[in-house]
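Colleague: make a model of this:
(chains A and B)
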Amino acid sequence: QQPVQSPQAVILREGEDAVINCSSSKALYSVHWYRQKHGEAPVFLMILLKGGEQKGHEKISASFNEKKQQSSLYLTASQLSYSGTYFCGTDLTGTASKLTFGTGTRLQVTL
Amino acid sequence: DVKVTQSSRYLVKRTGEKVFLECVQDMDHENMFWYRQDPGLGLRLIYFSYDVKMKEKGDIPEGYSVSREKKERFSLILESASTNQTSMYLCASKGTSGRSTDTQYFGPGTRLTVL
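Modeller: Numbers count the residues shown, from 1 in each chain, chains lettered A, B, ... in the order given. You can find the predicted model right below:
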């Protein structure tokens, strides 16, 4: 069962902040975030593990609330280079042998 | 850096043709995956393989088969292509430490059009 991402799409002006959510109906061991720019392969951003750990990548950070089975990706002071589609991949096994990906959130940053 | 390559970026085939999509990785990864990507549906797993000659069905295996004769190569086969298989196909690979921190590395994708 695919996790649900929200919003489906968001348009930001450069410098604005955004939050992308990923919710699962099943217990999660970890959440993997990827970004895919148009015409390119998805690129790994970060992994969030059980324990509510927070991670960061440049000005992008994320959290994982295991009680709610939800992860949120925070984009701070967005840059044009942040444009793309963001996917969360959820690990239900603890070994990341298989990830179940969300439907994606399309982010567009404009001047 | 991990490199995952796919044999074609764009492919056009006719209904009923047998189609082979090839994927090669250079990091000696045990696990390899095939996904299809459609607008509004995200990435959906077709098949994956955790070792040579080993395979498991993903979430949408119908109409597809796979082959893994060598560790570095994972092929997706459409036995008789149909128009509803028009999509972007992404291959990925992953090492096996058995930890939840293992991540997947993706190839650039093959956009397949079935006419």
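Colleague: next SSE downstream of the lowest-mean-pLDDT helix or strand in chain A?
Modeller: The least trusted helix or strand in chain A, going by mean pLDDT, DSSP states H and E, turns out to be strand A:55-57, with a mean of 65. Per DSSP states H and E, strand A:55-57 leads on to strand A:60-65 as the next helix or strand towards the C-terminus.
Colleague: output the below-cut-off pLDDT ranges for the chain.
Modeller: Just so you know, I chose chain A. A:52-57 (pLDDT under 70).
Colleague: other chain: chain B
Modeller: Residue ranges of chain B with pLDDT under 70: B:1-2, B:97-101.
Colleague: around chain A, which positions in it sit nearby?
Modeller: Contact residues, chain B versus chain A (CB under 8 Å from any CB of the partner chain): B:4, B:31, B:33, B:35, B:40-45, B:48, B:50, B:58-59, B:90, B:94, B:98-109. Where you see a C-beta, it was placed from the backbone N, CA and C, and this is true even at glycine.
Colleague: which strands border whichever strand in chain B runs longest, and is each parallel or antiparallel?
Modeller: Assignment by DSSP state E gives strand B:42-51 as the longest strand of chain B. Note on strand B:42-51: by DSSP bridges, its sheet partners are strand B:31-38 (antiparallel), strand B:54-57 (antiparallel).
Colleague: so which bits of the next helix or strand after the last one are buried?
Modeller: In this case it means strand B:54-57. Heading C-terminal from strand B:54-57, the first helix or strand you meet, by DSSP H and E, is strand B:65-70. Along strand B:65-70, these residues count as buried under the neighbour rule (16 or more other CB atoms under 10 Å in any protein chain shown): B:66-68.
Colleague: could you say what helices and strands whichever helix or strand comes after strand B:65-70 packs with?
Modeller: Past strand B:65-70, further along toward the C-terminus, the next helix or strand under DSSP H and E is strand B:73-78. Other helices and strands packing on strand B:73-78, by 3 or more CB pairs under 8 Å, 6 or more residues apart in numbering or on different chains; DSSP states H and E, are strand B:19-25, strand B:31-38, strand B:42-51, strand B:65-70, strand B:87-94.
Colleague: and those strands as a markdown table, adding distance to B:Val12?
Modeller: As requested, the helices and strands packed on strand B:73-78 are exported to a markdown table (distance: least, CB to CB, whole Å):
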| stretch | distance to B:Val12 |
| --- | --- |
| strand B:19-25 | 10 |
| strand B:31-38 | 17 |
| strand B:42-51 | 20 |
| strand B:65-70 | 21 |
| strand B:87-94 | 13 |
